[in-house]
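In: sequence and predicted model, in that order:
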Amino acid sequence: MRFTVLFLFISVSLSAQILSERDRASLKDEILADRFNNLLPELMDKTDIDMWLVISREYNEDPVIKTMLPATWLNARRRTILVFYRNKEQNTIEKLAVARYNVGNNITSAWDKEKQPNQWERLVEIIQERNPKKIGINMSTYFGIADGLVQTDYAELKEALPDNLESKLVSAEKLAIAWIETRTEKEMQLYNQLVKITHDIIAEAFSEKVITPGKTTTDDVVWWMRQKVTDMGLETWFHPTIDVQRSDEALKSHIDSFSNGYGDKVIIPGDLLHCDFGVTYIGLNTDCQQHAYVPKAGETAVPDFLVKAFKDGNRVQDIFTNNFVEGKTGNEILLKSLAEGKAEGLRPAIYTHPLGTYGHSAGPTIGMWDSQGGVKGTGDYPLYKNTVYAIELNTTVTIPEWKKDIRIMLEEAGFYGEKGFRYVNTRQEKIRLVE
């Protein structure tokens, strides 16, 4: 009931959608409890790990532990050791902390220092009492998010474990990735609202409320967006960008676009604007790229040649997302989509990444802007259901009216679930008119 009340509160208007810090904390902890009690047992069974150790120290946190801390914990404390034990036969999940205190309401302290002064020895006792078949630890070659166990803690863990327990250590890579990438129903309700907020901020930024042609610069719009996010009580996980394509300037290369930035320019009539923008809220992130056009004197609509070019961008999206099939790897989806797009005469590039708890999150990488032939390791990871992606791509289009090529660059949050693919909260299907 509490969750429903909060959602009624955040769906009224743009300014009213943001919860107070107290209500935000309540919602975060409610979502976390649901994930621990209902999602985690399923994931541990699926990945065949019955004990998972997440070990971290203050200010050097494992990326996984940061997603497990309650709203009132902003960091781990001292050395925090979390133990998750799944007894499939009894259908139970234990959530323990080898720490002096409970970690919120979900994880119970299991260490009395007065009875057992040594933290590592207490961990060994907990493991021996449960006798797991496998002990998962966060180590991974290709997925940084799943590689959070630092060398010092790993060495001390191995030193503390007797040989019969050390032999049970396995990589928890698949479990860590699944934990990070899988979205629950409650999270998706929140995600819908968050993407709408993102779209609404972009709509305002690409309007005459913010842009005065001939006066406003691209950096002015960037900093307006940053300030808007701050004023709304949100955060952004990356610095936004605003760039311009215009008839008398050559198309920049990918490396210039992605690494060197665009520079500050005065926005003038006839400009095709593009933004890259995302926000962070209650443990979730958005990432969105959209276009807008600044009309020339006498123009009341986006020119037809840009309308047509934008449709090519939407077509690449459709080809790409139609290839979302559970079990297919990121590289398989990438190569099939690129081939189909090129067969239609398009010039696509795809560089989609998992999105959720982190902006560049865990899961299958589906291309990188400089790796259109596939990505070793992360690109070989398969697509699973109940996951979210930044559907990020572009297509190059020749514009005879401008005697040059332009690039339609799009990015929208998309969800893949039991009913296939859908956009979390719509996508841009026509270029905005700055008015």
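Out: Structure received.
In: show me the shaky parts of the stretch 201-350 of the chain.
Out: Counting by pLDDT under 70, the stretch 201-350 of the chain shows low-confidence ranges at 254-262.
In: would you map the strands across it?
Out: Remark: strands assigned in the stretch 201-350 of the chain by DSSP state E, counting those that start in this stretch are 241-245, 272-277, 280-281, 284-285, 288-293, 348-350.
In: elements contacting the last one?
Out: Here strand 348-350 is seen to pack against helix 304-321, helix 330-343, strand 387-399 when contacts are counted using 3 or more C-beta pairs under 8 Å, 6 or more residues apart in numbering; DSSP states H and E. Any C-beta I mention is one placed from the backbone N, CA and C, and that applies to glycine too.
In: now render the ones you listed as TSV, adding distance to Ile126.
Out: Shown next, in TSV, are the helices and strands packed on strand 348-350 (distance: least, C-beta to C-beta, whole Å):
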stretch	distance to Ile126
helix 304-321	45
helix 330-343	37
strand 387-399	32
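In: can you say which of these is nearest to Gly367?
Out: helix 330-343 (4.4 Å; C-beta to C-beta).
In: what sits up against the closest one?
Out: 315-316, 319-320, 323-325, 347-348, 350, 364-367, 372-375, 378-383, 395 (C-beta atoms under 8 Å, 6 or more residues apart in numbering).
In: before we move on, the earlier item: out of the strands of the stretch 201-350 of the chain, which gets nearest to Arg432?
Out: The nearest among those, by C-beta to C-beta, is strand 288-293 at 3.9 Å.
In: domain parsing for this protein?
Out: Following automatic domain parsing, the chain resolves into domains at 2-179, 183-433.
In: and the last one, how far out from the chain middle?
Out: Just to be clear, that refers to domain 183-433. 14 Å (C-alpha atoms, centre = their mean, to the nearest Å).
In: that one: end-to-end distance?
Out: Its start and end residues considered, domain 183-433 measures 34 Å (C-alpha to C-alpha, to the nearest Å).
In: now do the contacts for the residue nearest the centre of the chain.
Out: By C-alpha atoms, centre = their mean, the chain has its centre lying nearest to Leu355, at 2.2 Å. By C-beta under 8 Å, 6+ apart, the contact set of Leu355 is 285-287, 361, 388-390, 413.
In: residues touching Lys228, list them.
Out: So Lys228 contacts 201, 204-205 (C-beta under 8 Å, 6+ apart).
In: can you list the strands of the stretch 201-350 of the chain in TSV and add distance to Glu114?
Out: Conversion of the strands of the stretch 201-350 of the chain to TSV gives the following (distance: least, C-beta to C-beta, whole Å):
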stretch	distance to Glu114
strand 241-245	55
strand 272-277	52
strand 280-281	40
strand 284-285	40
strand 288-293	53
strand 348-350	58
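In: so which of the ones you listed is nearest Leu190?
Out: strand 284-285 (6.3 Å).
In: most neighbours, which of the contacts of Leu355?
Out: Counting neighbours by other C-beta atoms under 10 Å, Thr286 comes out on top of the contacts of Leu355 with 30 neighbours.
In: I figured Cys288 was touching Ile197, is that so?
Out: No. The pair Cys288 and Ile197 does not pass the contact test of C-beta atoms under 8 Å, sitting 10.5 Å apart.
In: hey, what's the nearest residue to the residue nearest to the centre of the chain once chain neighbours are set aside bridged with?
Out: Leaving aside its sequence neighbours, Leu355 sits nearest to Ala390 (C-beta to C-beta, 6 or more residues apart in numbering; 4.4 Å). With beta bridges defined as DSSP bridges, Ala390 has these partners: His353, Ala413.
In: and the pLDDT for Ala390?
Out: You'll see Ala390 listed with a pLDDT of 98.
In: wait, what's in contact with it?
Out: Ala390 neighbours (C-beta under 8 Å, 6+ apart): 287, 352-355, 359, 411-414.
In: please redo it, this time with the cut-off set to 6 Å
Out: 287, 353, 355, 411 (C-beta atoms under 6 Å, 6 or more residues apart in numbering).
In: closest to Asp29 among these?
Out: Checking the contacts of Ala390 against Asp29 by C-beta to C-beta gives Leu355 as the nearest, at 22.4 Å.
In: give me the pLDDT for that closest one.
Out: The model reports Leu355 with a pLDDT of 98.
In: for the one 10 residues further on, same thing?
Out: Predicted confidence (pLDDT) for Thr365: 98.
In: how about it, what does it touch?
Out: Here Thr365 is in contact with 330, 375, 378-379 (criterion: C-beta under 6 Å, 6+ apart).
In: inside strands: which ones of these?
Out: Among the contacts of Thr365, no member falls in strands (criterion: DSSP state E).
In: so which of the residues you listed wins on neighbours?
Out: Ranking the contacts of Thr365 using other C-beta under 10 Å puts Gly330 first, with 26 neighbours.
In: do you know how far that residue is from Ile319?
Out: Per C-beta to C-beta, to the nearest Å, Gly330 is found 16 Å from Ile319.
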